[in-house]
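Peer 1: missing the sequence, but the structure's below:
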Ligand code: ADP
Ligand code: MG
């Protein structure tokens, strides 16, 4: 009997119909394109056999544009028309870009920053598109015209604006983006698939302009990003800047340097630094317009000392990420090094010490991201192979929550939760007969709303009237695979509902994320104090309002003397609003509670009697 052969959607029905897709590592310094062909993953070379394309674009007066090594070679000689490291400015405003140390003529325009060149004002998106076009061309020459699309990698901490800018660049380059993939995740894919090893791994990625650390769990072909952190302003470039600072420290008229000369010093510093990965001493050498020739030796030892602050910054990030993942370094199976700058011996030594493990470098740290992206692209293009049923999980960079009474944050989805994720929590009304509730969605790690980032406000109306605390309002937070958050509030007895959709990461830079996290750690104690105070004040307010309502209805139950005592306790609590002392708030609240105990008991009696009036015992039983 013949069996029917069923082909799942997305599964390649036959080898000759294999669809080709590429993975692109669009790096700050270097970019690479890779593809899976006949089951083998390779980076694609240019005409000279070179795999790395420097992410450099030079705009010439005649309208021509050079990309890659040719452009990079002119960096010092034609700095204003030769753009490098523009990935740092993707999706960034003039103000944000200018605060860096890049020696460009930035143009103050609304929206994304532009850089003035002989060919006009160029945005980082356009420059990136030139790099992507060159790689697209390379892919077409190697693979033919059947290219269905590309997976392009971005730093894990890229926010929405930066991711959107990357997509725009790809569109300008005529590429169909199958997916944006986080760089460390791509690296782990390349390693995980090649080795099939299970366990928890750290991916330490230090490139030219960005640092990423991710903790990944690999088990039975499923990758989960347990935690991730990073710094978009920390990479090889920053080590170069430290070398230049040190170099200039000994030079009297360093202040007269112009941007072009500064650029030359950076180029010289980078050459020396890369040489130090192989040799104990390197020469710093530059011919400057302003100061003539500067030349000096730099020892590996001196460099290691200079580099320490930056190395430590990466390790602080590592420790925090491990803590978030609930791990210490000993729980790790391995550490994967990614990015050209991890060739620096000082980095390898620091990573070895921090993890107590020999870092893994089997795959070329320059290529590993592009290879992982290529494997993912192959899969997304529909070339699913047996056993290829892994999926990728990403995580939330910051916690999501709601404002509750007293300006406090109730955390609903904790940071580093794997997405997609859905979490629900029940809330109730604060006042009798309350028919509407307003919700304030916030993002951040701090206890007080005023210290977190406001994402959205919305209202739930039509709550049926009930006594305070009786209504059940279920609030659900849902974050989909693209990081899109929707929050829904539903009144459980009648099902009235309201919701809002927000992009949690929108407009939030790495620096902001990093600052918010740093603040939450540094201020945890102060926050706990503030939270206790707010909670005590909310409790005081709640009691005050309920006594006030009770007095309106049943004041006749109190003698004049008793009433005076209650009024005095009320006045004391009523005046608490600006109090800073949690003990005082608690004491006065307790006093009011004590002063009204008897009153509450009498009210209870009265309402029971009212309820029973005119009914026999049988009715009640
Ligand atoms: P990106 O991801 O930012 O494009 P790469 O992974 O290509 O960056 O890394 C570029 C960085 O790697 C540069 O700062 C470069 O100086 C550094 N680098 C490359 N090779 C070496 C080396 N042998 N020693 C030290 N640093 C290196
Ligand atoms: Mg990189």
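Peer 2: Cool, the structure landed. Computed from a predicted model, the values in this text were never measured in an experiment. Numbering: from 1, shown residues only. Ligands and ions are numbered 1, 2, ... in the order given.
Peer 1: domain ranges for this protein?
Peer 2: For the chain, whose domains are defined here by the TED database, the residue ranges read 21-235+306-395, 397-508, 522-612.
Peer 1: so which of these is nearest ligand 2?
Peer 2: domain 21-235+306-395 (3.5 Å; Cβ to the ion). In short, each C-beta sits where N, CA and C put it, glycine included.
Peer 1: does ligand 1 sit close to that closest one?
Peer 2: Yes: with Cβ under 6 Å from any ligand atom as the threshold, domain 21-235+306-395 lies in contact with ligand 1, specifically through 27-30, 207-210, 235, 339-341, 343-344, 366.
Peer 1: so which of the domains of the chain is the most surrounded?
Peer 2: Highest mean neighbour count of the domains of the chain: domain 21-235+306-395, a mean of 20 (counted as mean count of other Cβ atoms under 10 Å).
Peer 1: now that domain: mean pLDDT?
Peer 2: This predicted structure assigns domain 21-235+306-395 an average pLDDT of 86.
Peer 1: next one: that domain to chain centre, how far?
Peer 2: On the basis of Cα atoms, centre = their mean, to the nearest Å, domain 21-235+306-395 is displaced by 15 Å from the centre of the chain it belongs to.
Peer 1: near ligand 2, which of the residues of domain 21-235+306-395 next to ligand 1 show up?
Peer 2: The overlap between these and the neighbourhood of ligand 2 (criterion: Cβ under 5 Å from the ion) consists of 27, 207, 339.
Peer 1: among the residues of domain 21-235+306-395 next to ligand 1, which lie within strands?
Peer 2: For the residues of domain 21-235+306-395 next to ligand 1, membership in strands holds for residue 30, with DSSP state E as the criterion.
Peer 1: of the residues of domain 21-235+306-395 next to ligand 1, closest to residue 284?
Peer 2: If you rank these by distance to residue 284 using Cβ to Cβ, residue 344 comes first, at 16.1 Å.
Peer 1: for residue 25, see how far away that closest one is.
Peer 2: Residue 344 sits 19 Å away from residue 25 when distances are taken as Cβ to Cβ, to the nearest Å.
Peer 1: next one: residue 64
Peer 2: When residue 64 is compared with residue 25 (using Cβ to Cβ), they lie 26 Å apart.
Peer 1: same question for residue 75.
Peer 2: The spacing between residue 75 and residue 25, counted by Cβ to Cβ, is 21 Å.
Peer 1: leaving aside the residues adjacent along the chain, what's closest to residue 414?
Peer 2: The shortest distance from residue 414 to any residue that is not its chain neighbour, by Cβ to Cβ, 6 or more residues apart in numbering, is 5.1 Å, and that residue is residue 399.
Peer 1: the one you found reaches residue 446, doesn't it?
Peer 2: No: with contact taken as Cβ atoms under 8 Å, residue 399 and residue 446 are classed as non-touching, separated by 9.4 Å.
Peer 1: got the phi/psi numbers for residue 358?
Peer 2: Summarising the backbone geometry of residue 358 under the convention degrees, to the nearest 10, its torsions are phi -80, psi 120.
Peer 1: ok, for residue 234, nearest residue in space, not its chain neighbours?
Peer 2: Nearest in space to residue 234, with sequence neighbours left out and distances taken as Cβ to Cβ, 6+ apart, is residue 211 at 4.3 Å.
Peer 1: separation between the one you found and residue 316?
Peer 2: Following Cβ to Cβ, the distance that separates residue 211 from residue 316 is 11 Å.
Peer 1: and the closest residue to residue 146 other than its chain neighbours, its phi and psi?
Peer 2: Computed as Cβ to Cβ, 6+ apart, the closest residue to residue 146 that is not its neighbour in sequence is residue 20, at 5.0 Å. The main-chain torsion angles of residue 20 are listed as degrees, to the nearest 10 and equal phi -100, psi 130.
Peer 1: what's the burial count for residue 20?
Peer 2: Neighbours of residue 20 under the rule other Cβ atoms under 10 Å: 21.
Peer 1: these two touch, right, it and residue 374?
Peer 2: No: with contact defined as Cβ under 8 Å, residue 20 does not count as touching residue 374 (10.3 Å).
Peer 1: near ligand 2, which residues of the protein?
Peer 2: Those residues of the chain that sit near ligand 2, judged by Cβ under 5 Å from the ion, are 27, 207, 339.
Peer 1: the helices in the stretch 201-350 of the chain, which residues?
Peer 2: Taking DSSP state H, counting those that start in this stretch, the helices of the stretch 201-350 of the chain run over residues 236-249, 259-275, 300-324, 345-355.
Peer 1: could you list the residues in contact with the shortest one?
Peer 2: Put plainly, it is helix 345-355. Residues outside helix 345-355 that contact it (Cβ atoms under 8 Å, 6 or more residues apart in numbering) are 202, 204, 206, 276-277, 300, 303-304, 307, 311, 314-315, 318-319, 329, 332, 335, 337, 341-342, 358-359.
Peer 1: and the residue nearest to residue 414, how far is that from residue 416?
Peer 2: Relative to residue 416, residue 399 is positioned 9 Å away (criterion: Cβ to Cβ).
Peer 1: residue 250 now?
Peer 2: Relative to residue 416, residue 250 is positioned 45 Å away (Cβ to Cβ).
Peer 1: OK, contacts around residue 90?
Peer 2: Residue 90 sits next to 112, 124-125, 128, 158, 162, 165-166, 169 when contact means Cβ under 8 Å, 6+ apart.
Peer 1: what would those look like in JSON lines with secondary structure?
Peer 2: Output for the contacts of residue 90, formatted as JSON lines (DSSP: H, G, I helix; E, B strand; the rest coil):
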{"residue": "112", "secondary structure": "coil"}
{"residue": "124", "secondary structure": "helix"}
{"residue": "125", "secondary structure": "helix"}
{"residue": "128", "secondary structure": "helix"}
{"residue": "158", "secondary structure": "coil"}
{"residue": "162", "secondary structure": "helix"}
{"residue": "165", "secondary structure": "helix"}
{"residue": "166", "secondary structure": "helix"}
{"residue": "169", "secondary structure": "helix"}
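Peer 1: surely residue 106 and residue 95 touch.
Peer 2: No: using Cβ under 8 Å, residue 106 and residue 95 do not qualify as a contacting pair, with a distance of 9.5 Å.
Peer 1: residue in the stretch 101-250 of the chain nearest to ligand 1?
Peer 2: Relative to ligand 1, the nearest point of the stretch 101-250 of the chain is residue 236 (1.9 Å; Cβ to the nearest ligand atom).
Peer 1: and the residue of the stretch 251-400 of the chain closest to ligand 1?
Peer 2: Scanning the stretch 251-400 of the chain for proximity to ligand 1 using Cβ to the nearest ligand atom identifies residue 340 as nearest, at 2.5 Å.
Peer 1: what sits against that residue?
Peer 2: When contacts are counted by Cβ under 8 Å, 6+ apart, residue 340 is found next to 29-30, 207-208, 236, 365-366.
Peer 1: right, I'll call it a day here.
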